[in-house]
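>>> What shape does this take:
(one chain, ligands or ions: 1)
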Amino acid sequence: MFSQNVVVNNAELLIRKANGGNMRPIWPDKDSGIVKVIDQRFLPHKFAISDLKSVDDVINAIKRMVVRGAPLIGVTGAYGVYLAVINFDGKTGFDDFLINECNKLKATRPTAVNLSWGVDRVKHKLLKMTNQSARIDMARDEAAKIADEEVENCKKIGENGLRLIDEIWIKKKGEIVNILTHCNAGWLACVEYGTATAPIYAACENNIDIHVWVDETRPLNQGARLTAWELGKHGVKHTVITDNAGGHLMQHGMVDMVIVGTDRTTCTGDVANKIGTYLKALAARDNNIPFYVALPSSTFDWKLNDGVKEISIEERDPDEVRYVQGLEHGSIKSVLISPASSPAANFAFDVTPARLVTAFITERGVCKATKQDIKRMFSEKIIQKKGIPS
Ligand code: MRU
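The predicted structure follows:
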């Protein structure tokens, strides 16, 4: 089991981040071969760092959502491969061992495609390597490279999305721009900047007056707990709302645009994201409000054509629905909110069909949610046989 060894208060985190420190949600400790992660389960009330020392630690951390968010679990999976290599005892053949450990890592959560993408990328580099210390160096360096690339991708998503916010701001003649977001697609979910939040941070840096409606995002409240915390730390004006408030706000002209992240997007433009995203897209369409999805190319699944039929939707422990976690007199508590005997169901994601998506904001630019436009932007990634027909 991973150990939770350091508790740092929010002020210290802020100072580290403000000083340009490496306060990413994941980083390797060079000397010890340990991977450190911010434990996201108890934020914003408790800030803790956990040590991951083995593949089992990584599996636990991903399953229990110590780390979460599509790009971050991709990076964590990649570091999981590094830990697998470190712990290789030579009792079996390396390639068989590696494939088995990678399969275990990829089975932890089914929806975000970044996980298998990150794991496979490191695995493919390692297969057939014979020198153990070279394998360790390669795995660590490749995982770090993936993390750095995701940071760069998110930075570019910010620059590309900024233009869309700026257009609205100009249209509104400098009046505040109201953006609605769902779940947490911020730096905690993505290493740095975030996907959906990157254009928001870029807009703030460019002195565009913005305000963010933050869906609380039941059952685990990634919006109320994590997005609100992140935005607050960056000084972004925001308001937490219930998951069902968005439609009402849209009807009354209180939302100018929606920006969300995604866990897996087909090459035809269907978007899997946190449960409730689809309903926001429907409400946005009914009210002529642009609905944008921000994603790095690692979140496209180039093999899938039909999101509703083909994307596997994670079902989590029903107790996450039946209980809610919060702070009482300084302690984090979990309380039962439904009758003790009532069953619950916990579908963690849904799929928004491409027709409801105004556009994608990617590291390469903004493109329509159509197979033609996605293909035009990422021509080298399309798998001709299984992917979209040309
Ligand atoms: O269950 P989670 O918290 O891992 O779900 C995360 C989301 O749904 C995010 O919106 C998605 O990963 C996009 S993150 C950039």
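
>>> Residue 180 belongs to a strand?
Yes: using DSSP: H, G, I helix; E, B strand; the rest coil, the assignment for residue 180 is a strand.

>>> Now do it: how many residues are near it, please.
Each residue near residue 180 was counted by other CB atoms under 10 Å, and the total is 26. Where C-beta positions appear, they are placed from N, C-alpha and C, glycine not excepted.

>>> from what I can see it touches residue 248, true?
No: the criterion here is CB atoms under 8 Å, and residue 180 misses it with residue 248 at 11.4 Å.

>>> which residues touch residue 121?
Neighbour list for residue 121: 78, 142, 146 [criterion: CB atoms under 8 Å, 6 or more residues apart in numbering].

>>> Try it again at 6 Å.
Residues near residue 121 by CB atoms under 6 Å, 6 or more residues apart in numbering: none.

>>> quick one: buried residues of whatever helix or strand it lives in?
The secondary structure element spanning residue 121 is helix 113-126 (assigned by DSSP states H and E). Of the residues in helix 113-126, 113-123, 125-126 count as buried by neighbour count, 16 or more other CB atoms under 10 Å.

>>> Quick one: name the residues of the chain near the ligand.
By CB under 6 Å from any ligand atom, the part of the chain that sits against the ligand consists of 68-71, 112, 183, 185, 189-190, 195, 222, 261-263, 273-274, 348.

>>> Show me the helices in the stretch 251-390 of the chain, by range?
Taking DSSP state H, counting those that start in this stretch as the criterion, the stretch 251-390 of the chain carries its helices at 277-286, 307-310, 319-322, 371-377.

>>> Name the stretch among those helices that sits most buried.
Neighbour counts averaged per stretch over those are highest for helix 277-286, at a mean of 20; criterion: mean count of other CB atoms under 10 Å.

>>> ok, for the residue of the stretch 201-350 of the chain found nearest the ligand, nearest residue in space, not its chain neighbours?
Here the residue of the stretch 201-350 of the chain nearest the ligand is residue 261; by CB to the nearest ligand atom that distance is 2.7 Å. Nearest-residue entry for residue 261: residue 185, 2.8 Å, with adjacent residues in sequence omitted and distances by CB to CB, 6 or more residues apart in numbering.

>>> The one you found and residue 195 touch, don't they?
Yes: between residue 185 and residue 195 there is a contact under CB atoms under 6 Å: 4.7 Å.

>>> more neighbours, these two?
Taking neighbours as other CB under 10 Å, residue 185 and residue 195 compare with residue 185 leading, 35 against 32.

>>> sorry, back to before: mean pLDDT for the helices of the stretch 251-390 of the chain - can I get that in a markdown table?
Output for the helices of the stretch 251-390 of the chain, formatted as a markdown table (pLDDT from 0 to 100):
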| stretch | mean pLDDT |
| --- | --- |
| helix 277-286 | 98 |
| helix 307-310 | 98 |
| helix 319-322 | 98 |
| helix 371-377 | 96 |
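
>>> could I get those helices as a markdown table with distance to residue 28?
What follows is these, written out as a markdown table (distance: least, CB to CB, whole Å):
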| stretch | distance to residue 28 |
| --- | --- |
| helix 277-286 | 32 |
| helix 307-310 | 34 |
| helix 319-322 | 30 |
| helix 371-377 | 32 |
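
>>> With residue 361 as the reference, name the closest of those.
The closest approach between residue 361 and any of the helices of the stretch 251-390 of the chain, judged by CB to CB, belongs to helix 371-377 at 11.3 Å.

>>> okay, and for the protein, where does confidence drop off?
1-22, 383-390 (pLDDT under 70).

>>> please redo it, this time with the cut-off set to 90
1-23, 30-31, 128, 381-390 (pLDDT under 90).

>>> Can you tell me the centre-most residue of it?
Nearest to the centroid of the C-alpha atoms of the chain, with distances taken as CA atoms, centre = their mean, sits residue 69, at 2.6 Å.

>>> ok, for it, nearest residue in space, not its chain neighbours?
Using CB to CB, 6+ apart and skipping the chain neighbours, the partner closest in space to residue 69 is residue 189 (2.2 Å).

>>> what about the one you found, how many neighbours?
Using other CB under 10 Å, the number of residues around residue 189 comes to 29.

>>> Equivalent analysis for residue 341, please.
5.

>>> sorry, back to before: what's the closest of the helices of the stretch 251-390 of the chain to residue 55?
With CB to CB as the measure, helix 319-322 is the member of these nearest residue 55 (24.5 Å).

>>> neighbouring contacts of that closest one?
Residues beyond helix 319-322 that count as contacts (CB under 6 Å, 6+ apart) turn out to be 219, 338, 344, 346.

>>> let's see it at 10 Å
Outside helix 319-322, the residues that touch it by CB atoms under 10 Å, 6 or more residues apart in numbering are 65, 218-220, 334-340, 342-348.

>>> Likewise for stretch 87-97?
33, 53-56, 84-85, 98-101, 123, 126-130, 132, 135-136.

>>> Would you map the strands across the stretch 101-250 of the chain?
Along the stretch 101-250 of the chain, counting by DSSP state E, counting those that start in this stretch, strands occupy 177-181, 210-215, 237-241.
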